[in-house]
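Asks: when you get a sec, could you give me coordinates for this:
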Amino acid sequence: MFARHAWELLNTNFEACLAEVQSSAARSKMLFGAYLAGLAIENSMLGAAHACANPLTARYDVIHGVAVALMLPHVIRFNSAIAGDAYHELYPDGDLADRITKLKQVGNLPNRLRDYPVQYTIGTADLPILAKEAATQWTAQFNPRPLNISDFMKLYEQVY
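Replies: This is a model prediction of the structure:
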């Protein structure tokens, strides 16, 4: 309930909020959407996107929200095998992962890890370490589709 309403508010107001920075209506809806998303997190306890994001934040100082945004389209595609119907309900106009990617572009967020301006160099040799760390994150256990280290590795390879 919270997540669905949050998505509706955020999806329909994000672009307007960026295009019309003085729009109190769009900003108010974004603020309420963020609040509802926080409530949804408390009910769902996160999942693979956060499990992947945590090592990126801890090791490379990637802003946590950006790290989640980097991973989210790939996690959505991974989870679509069992959650595709739910994702279609959230975004019946197309592919939810593609919509998230579009919103990231509108917000000028990177789509690939190597495009993120980190102070440390992230190379392909780091991906197995990240995958191992992601697999130990408590948030991963709440993902709708179970993951192992190999799955996390594939997600990092996709986003790299």
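
Asks: what comes up buried for stretch 12-24?
Replies: Residues of stretch 12-24 classed as buried by neighbour count (16 or more other CB atoms under 10 Å): 13-14, 17. Where C-beta positions appear, they are placed from N, C-alpha and C, glycine not excepted.

Asks: and the longest helix for the protein?
Replies: helix 64-90 (DSSP state H).

Asks: which residue, neighbours along the chain excluded, lies closest to the residue nearest the centre of the chain?
Replies: Per CA atoms, centre = their mean, the C-alpha nearest to the average position across the chain is that of residue 72, at 3.0 Å. Counting by CB to CB, 6 or more residues apart in numbering, residue 49 is the residue found nearest to residue 72 once chain neighbours are left out, at 4.8 Å.

Asks: what about that neighbour, how many neighbours?
Replies: By other CB atoms under 10 Å, 25 other residues sit near residue 49.

Asks: now the angle from the helix or strand containing it to helix 64-90?
Replies: For residue 49, the host element (DSSP states H and E) is helix 48-60. Relative orientation of helix 48-60 and helix 64-90, computed by axes from the mean of the first three to the mean of the last three CA atoms, to 10 degrees: 170 degrees.

Asks: packing partners for helix 48-60?
Replies: helix 64-90, helix 127-135, helix 149-159 (3 or more CB pairs under 8 Å, 6 or more residues apart in numbering; DSSP states H and E).

Asks: is it possible to export those helices to JSON lines including distance to residue 26?
Replies: As requested, those are exported to JSON lines (distance: least, CB to CB, whole Å):
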{"stretch": "helix 64-90", "distance to residue 26": "19"}
{"stretch": "helix 127-135", "distance to residue 26": "34"}
{"stretch": "helix 149-159", "distance to residue 26": "29"}
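
Asks: if we compare those, which one ends up closest to residue 33?
Replies: Of all the helices and strands packed on helix 48-60, it is helix 64-90 that lies closest to residue 33, at 13.1 Å by CB to CB.

Asks: how far does the closest one sit from the chain's center?
Replies: Computed by CA atoms, centre = their mean, to the nearest Å, the chain-centroid distance of helix 64-90 equals 7 Å.

Asks: what does stretch 90-105 give?
Replies: 12 Å.

Asks: buried residues in it?
Replies: 90-91, 95-97, 99-101, 103-104.
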